[in-house]
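Student: my questions concern the predicted model and sequence given below.
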Amino acid sequence: MKGRGVFSAAIVVLALGMAGAIVIGGTRRIPLWLSQPLIDSEPPRPVDAIVVLGAGTYNEATLGPQTAYRLLHGLQLLRGGYAPVLIACGGSHHGTRISDAGVMANVAAELGLSRAALILDGTPVSTRAQATSVADISTRRGIKSVALVTSPLHSYRAARAFRKAGVTVVSTPGVAAAPSILLVAQDHFFG
């Protein structure tokens, strides 16, 4: 019985310590600190291609929020001169008829991107399949290095999969680069 009381006291002390840390450190700092091992982020540098990983669409014309953030960051890198070409990568999610890559291509074209600066990879639906597919494209097209654009919490796993597939990666997640007002679905606004 005495051991159970010590265990209960330890739980109470731990809970109070965590509550105190949240109050003292702010609610945003702790999750950011805890998520750091999951984030692989480097400053952008010149590469042969920018790879944007799709994360779903709502329909044939509307990107999901993560895909929209990723595409905008990839387009910013492309326009910043970090690479001459963007690879839109991702198959169909949620039963849509067109792949994530196809919807990203349509949106990028509407934003002024030349189709000549775009490579579509609309088949893979998993991170591992995307890595393998981009490795094949890189081999065929002589691409030696890529800037990998995904969400921050997906960046470590994605960069690891791409490196394992033999792709030289500069991991550049960039949700923070999204504009302050962004239409992410027909009735959802971020800003």
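Tutor: Done, it's in. Keep in mind that what you see is a predicted model, and the values were worked out from it rather than measured.

Student: now the helices: where do they sit in the protein?
Tutor: Taking DSSP state H as the criterion, the chain contains helices spanning 2-25, 29-35, 65-79, 100-110, 127-141, 152-164.

Student: got these as CSV, with distance to T57 columns?
Tutor: C-beta here means a position set from N, CA and C on the backbone, and glycine is covered the same way. Formatted as CSV, the entries for the helices of the chain read as follows, by distance: least, CB to CB, whole Å:
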stretch, distance to T57
helix 2-25, 36
helix 29-35, 25
helix 65-79, 6
helix 100-110, 5
helix 127-141, 15
helix 152-164, 17
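
Student: and stretch 114-124, what's its mean pLDDT?
Tutor: Model confidence over stretch 114-124, given as mean pLDDT, is 93.

Student: mind checking pLDDT for L38?
Tutor: Looking at L38, its pLDDT is 72.

Student: I'd say it and R160 touch.
Tutor: No - contact criterion CB atoms under 8 Å: L38 and R160 do not qualify, at 10.9 Å.

Student: those two: which is more packed in?
Tutor: In this view L38 and R160 are compared by other CB atoms under 10 Å, and R160 has more residues nearby, 15 against 12.
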